[in-house]
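In: Sequence and predicted structure are below.
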Amino acid sequence: PNRLNFAGHSKKYPNLPLALDGFSLRHHQEPIDRPQGMDFWQWIQCLEGRGTLFLGDTSYTVTPGCGMLIPPGCGHISQSCGGSWYVYFLCCGGALITEITRQLGLAAAGAYQLSRPERILQYEEEIAAIYRQNDMGCHLELSKLLYQLLTDLSQDIRLSQAGQSAPQNKKLHQVICYIQEHYSENIGLPEIAASAGLSREYLCQIFKKHTGSTLLEHLTETRLSEAKVLLLAHPEKTIGEVARLCGFDSPSYFCYVFKKNEHMTPRQFAQGR
């Protein structure tokens, strides 16, 4: 997978109408729970696999040829429907981002189907190439290219049919939020089911049906996602400390699960190998 690149141009060049803040050409999308959203505008296009986007009580299935449009400050949850989920990630800001996206009809959060997904991916590859040249004035070239991308994107998308706002979706949203808040604790199926007021059997059934993952797979994925953040942000922490903070019973089990899923040990991951 390609690493995330954070340009931060909206802060470096506050007068730019559009500014690149970050991108990744092939990002392994992990479980995301951002109740307050992010500070920038995001376009996340599915490359491989499939996932689910939750916006409040509405859910969308995101497959290749489809992308997620998430404006600043928009709370959202996303996760894989089982297996690896790879996306192209683009985020941008700028002095006129709100006005431009509004005029282009790109202000409503949701999952959108593309008629020419390869064209948008081509724009993102051009953006990456210009950014990596690191030339003086590249932020100006990127601003122009971002406007072209947004213009083409506005002409190419149609809102995918949203899943119905059913009671099951509310319960799934509640469960995912509970896991995100309590992953570091000693929780399992009984605690998760009790948080939603459902039987374990019924909850497991609807969770698998709507997400493609089991509850325990999602819990493990969430714990691993948080572990990776800790390993990179706090290299001084021991493997035992990271395991405990992320809800794993023992360092040895944590290492086993981490290597099984990431194909490297936690220490190798922290060292960038």
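Out: Yep, that arrived.

In: For the chain, give me the ranges with low pLDDT.
Out: Applying pLDDT under 70 to the chain flags the ranges 1-3, 158-169, 272-273.

In: Please, where are all the helices along it?
Out: Ranges of helices within the chain are 9-12, 97-103, 117-133, 138-156, 167-182, 189-196, 200-211, 215-233, 239-245, 251-262, 266-270, based on DSSP state H.

In: looking at the chain, which residue lies furthest from center?
Out: residue 136 (30.9 Å; CA atoms, centre = their mean).

In: which ones are touching it?
Out: Shown in contact with residue 136 (CB atoms under 8 Å, 6 or more residues apart in numbering): no residues. C-beta coordinates here come from the backbone N, C-alpha and C atoms, glycine included.

In: Could you find the closest non-adjacent residue to residue 195?
Out: Leaving out its chain neighbours, the residue that sits closest to residue 195 by CB to CB, 6 or more residues apart in numbering is residue 178, at 4.2 Å.

In: Repeat that for residue 176.
Out: residue 77 (5.4 Å).

In: For the residue farthest from the centre of the chain, give its distance to residue 9.
Out: Distance, residue 136 to residue 9, by CB to CB, to the nearest Å: 14 Å.

In: who touches both of those two?
Out: Counting by CB under 8 Å, 6+ apart, no residue touches both residue 136 and residue 9.

In: Can you give me the neighbour number for residue 271?
Out: Neighbours of residue 271 under the rule other CB atoms under 10 Å: 11.

In: Just list the residues touching it, thanks.
Out: Contact analysis of residue 271 by CB under 8 Å, 6+ apart lists nothing.

In: Number the residues from 230 up from this point.
Out: Okay, residue one is now 230; in that scheme the one you just asked about reads as residue 500.

In: how near is it to residue 460?
Out: Remark: distance between residue 500 and residue 460 (CB to CB) = 9 Å.

In: Residue 496 now?
Out: 8 Å.

In: between the two, who's got more neighbours?
Out: Using other CB under 10 Å as the criterion, residue 496 and residue 460 rank with residue 460 on top: 20 against 14.

In: Hmm, the more buried one is touching residue 498, no?
Out: Yes. Shown here, residue 460 and residue 498 form a contact pair, counting by CB atoms under 8 Å, at 5.7 Å.

In: okay, and the common contacts of these two?
Out: Residues touching both residue 460 and residue 498 (CB under 8 Å, 6+ apart): none.

In: I am finished for the moment; much appreciated.
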